[in-house]
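Participant: Structure of the sequence below:
(one chain, ligands or ions: 1)
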Amino acid sequence: MLSPRFLLLRSAASLTTRSLCAGGVSKQGRAPDMADVRNRLREIVGASTNWSDHKHAMAERVLLSSMLAKSQNDLPAKTMKDSYLEVHLPLGSEPQLREKYLTFHNTVRFGRILEDLDSLAVLISYSHTYNPALKRSPLSIVTALVDKIDMRQHIIYPDCDIKFTGHVTWVGKTSIEAKMHMSQYRDGAYSPVLDATFVMVARDPENKRAAFVNPLKPDGPEEEKIFQEGEANKSRRVELSTASLLKVAPTDEERKIVHSLFLNTLDSKTVSFRSRVLPPNSAWMEDGKLKGLEICHPQERNIFNRIFGGFLMRKAYELGWANACSYGGCRPTLVAVDDILFQKPVDIGSLLLLSSQVCYTQGKYIQVRVHSEVFDPLTRQHNTTNVFHFTFASDRDVPNIIPQTYGESMLYLDGKRHFNQTVEH
Ligand SMILES: CCCCCC(=O)SCCNC(=O)CCNC(=O)[C@H](O)C(C)(C)COP(=O)(O)OP(=O)(O)OC[C@H]1O[C@@H](n2cnc3c(N)ncnc32)[C@H](O)[C@@H]1OP(=O)(O)O
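Facilitator: Next up is the predicted model:
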């Protein structure tokens, strides 16, 4: 994270002058808020405000294809300061805004925060790729992955102002890593609430193929260190994906875990592999599911006329939370979010099926996986669009979740891997 003094200077010097106000968002004399972020995004890509105009807006965007760089070397290098943004969410000072964020239990809806983080990550990426010579950006920047969100504090107060800061921390050829921090004003100071790392991918104006982004040139040892962390994150992501249980067998230790779970469920009265008995204080995985359906209306579209990634995250989070709530028998708190993969865009009009599964438990912790897929009623085909992982904590120990089939055992091991990554380390 860049030093606080540096951040302060940065926000005063260029955020308000260039990143947000350049497009005419001049609510002068006050810090930019989330509405400014979304308006600015619409200006950057020339998005339609009415669904009836979306085809025309897209046709205009296609003309920007010729503005794309032929190689990354054609684009000037940027520093981390170039993309630094500070945005406010004045929940304390604007009671009418609070309604949108409020839960029945007088806390902040985390799903709304996920939406805000997503919009901010996109604007940070556009700030990095900003070309003052162009009125509109030819790039379509989409969310590929929420690498992780670490909660530094579990309660978010609905009546205190929130501040988001963030900037680009690493860049590949067409992908960008952005880190964001959220803090909340209480007792005279801002204290940290969460740290989030997103990976964004730049595409051509039609969102059909990858497009080059400006290189990132770390400026000084502080930025160099952050950049190296970004490199390490990239290698870790490749390593994790190579070891995925969808591709390779579990490790020896994991195989032993699965077999011991199996042995624990065998009925000692019969000499049979088939007769299974649920151990005490346990629940079958089959009983740790909750499903939902979303009809993807135009209202939830993003600036590229697909379903907004933040909306998908909010819906998946709320389903996952409800599942953890029902499983643990109390209102759980969120501990961590990791590895939310945006595999395929979701088209407007889609039928989106969301399935959540408690896949691992440990003491009071509940690891939930949410899988979303688009169902085409005409062809009856299902296509996975996203996978989400959430770690919740209950206020008491929860039943141990027990897999019965081999597939469930793999879900269990995958959940355990995610849990170990987020909670134990
Ligand atoms: C308010 C405005 C909001 C707008 C934001 C949204 O709502 S977006 C809506 C939600 N998101 C989406 O709909 C995206 C859905 N997913 C997709 O369309 C696609 O999976 C994708 C474009 C992200 C990636 O497609 P491909 O894998 O075919 O891309 P390709 O192989 O060309 O790789 C392009 C670059 O992305 C990187 N990349 C791809 N997947 C990645 C992942 N899971 N984690 C890290 N990096 C990844 C590659 O390393 C490469 O970077 P390098 O070239 O650097 O090596």
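Participant: what does the stretch 201-350 of the chain put close to the ligand?
Facilitator: Contact residues (C-beta under 6 Å from any ligand atom) of the stretch 201-350 of the chain with the ligand: 201, 203, 210, 237, 302-303, 306, 308-309, 341-345. For glycine as for every other residue, the C-beta is placed from the backbone atoms N, C-alpha and C.
Participant: Which among these count as buried?
Facilitator: 201, 203, 302-303, 306, 308-309, 341-342, 345 (16 or more other C-beta atoms under 10 Å).
Participant: export these to CSV and tack on secondary structure?
Facilitator: Output for these, formatted as CSV (DSSP: H, G, I helix; E, B strand; the rest coil):
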residue, secondary structure
Val201, strand
Arg203, strand
Asn302, coil
Ile303, coil
Arg306, strand
Phe308, coil
Gly309, helix
Leu341, strand
Phe342, strand
Pro345, coil
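Participant: Look up the closest residue to the residue in the chain positioned nearest to the ligand, ignoring the ones flanking it.
Facilitator: Nearest to the ligand, among the residues of the chain, is Gly172, at 2.2 Å (C-beta to the nearest ligand atom). Leaving aside its chain neighbours, Gly172 sits nearest to Lys234 (7.0 Å; criterion: C-beta to C-beta, 6 or more residues apart in numbering).
Participant: low-scoring pLDDT stretches of the chain, where are they?
Facilitator: 1-29, 424-425 (pLDDT under 70).
Participant: At the geometric centre of it, which residue do we find?
Facilitator: Nearest to the mean C-alpha position of the chain, by C-alpha atoms, centre = their mean, lies Val146 at 3.7 Å.
Participant: if I read this right, Gly92 contacts Tyr190, doesn't it?
Facilitator: No - if you go by C-beta atoms under 8 Å, Gly92 and Tyr190 don't touch, sitting 11.7 Å apart.
Participant: thinking again about what came up before, doesn't the residue nearest to Gly172 lie inside a helix?
Facilitator: Yes - under three-state DSSP, Lys234 falls within a helix.
Participant: number of nearby residues for it?
Facilitator: By the criterion of other C-beta atoms under 10 Å, Lys234 has 16 neighbours.
Participant: what do you get for Gly92?
Facilitator: A count of nearby residues for Gly92, using other C-beta under 10 Å, gives 17.
Participant: Please give me every residue in contact with it.
Facilitator: Residues in contact with Gly92 (C-beta atoms under 8 Å, 6 or more residues apart in numbering) are 159-161, 185.
Participant: and which of those residues is nearest Leu261?
Facilitator: Cys160 (44.1 Å; C-beta to C-beta).
Participant: from memory Gly166 sits against His181, does it?
Facilitator: Yes - taking C-beta under 8 Å as the definition, Gly166 is a contact partner of His181 at 6.6 Å.
Participant: list residues touching both of the two?
Facilitator: Residues touching both Gly166 and His181 (C-beta under 8 Å, 6+ apart): Ala196.
Participant: What count of nearby residues applies to the closest residue to Ala31 other than its chain neighbours?
Facilitator: Residue nearest to Ala31 in three dimensions, not counting chain neighbours: His88, with 4.4 Å by C-beta to C-beta, 6+ apart. Neighbours of His88 under the rule other C-beta under 10 Å: 18.
Participant: does the helix or strand encompassing His88 come close to the ligand?
Facilitator: For His88, the host element (DSSP states H and E) is strand 85-89. No - interface with the ligand: strand 85-89 contributes nothing (C-beta under 6 Å from any ligand atom), its closest point being 12.8 Å away.
Participant: helices or strands up against that strand?
Facilitator: helix 34-45, helix 110-128, strand 162-171 (3 or more C-beta pairs under 8 Å, 6 or more residues apart in numbering; DSSP states H and E).
Participant: Run the chain-centre distance for it.
Facilitator: Counting by C-alpha atoms, centre = their mean, to the nearest Å, strand 85-89 is centred 18 Å from the centre of its parent chain.
Participant: Ok, stretch 205-223 next?
Facilitator: Stretch 205-223 sits 19 Å away from the centroid of its parent chain (C-alpha atoms, centre = their mean).
Participant: end-to-end on that stretch?
Facilitator: One end of stretch 205-223 to the other measures 31 Å (C-alpha to C-alpha, to the nearest Å).
Participant: Please spell out which residues along that stretch are buried.
Facilitator: By neighbour count on 16+ other C-beta under 10 Å, the buried set for stretch 205-223 is 205, 207, 211-214, 216, 218, 223.
Participant: Run through who's touching the helix or strand encompassing Ser409.
Facilitator: Here Ser409, judged by DSSP H and E, is contained in helix 406-419. Residues outside helix 406-419 that contact it (C-beta under 8 Å, 6+ apart): 245-246, 250, 254, 257-258, 261-262, 285-286, 338-339, 357, 359-360, 362, 365, 367, 369, 389, 391, 401, 403.
Participant: Which members of those are positioned in helices?
Facilitator: 254, 257-258, 261-262 (DSSP state H).
Participant: Dump those into TSV; add neighbour count as well.
Facilitator: Shown next, in TSV, are these (neighbours: other C-beta atoms under 10 Å):
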residue	neighbour count
Glu254	18
Ile257	16
Val258	17
Leu261	20
Phe262	16
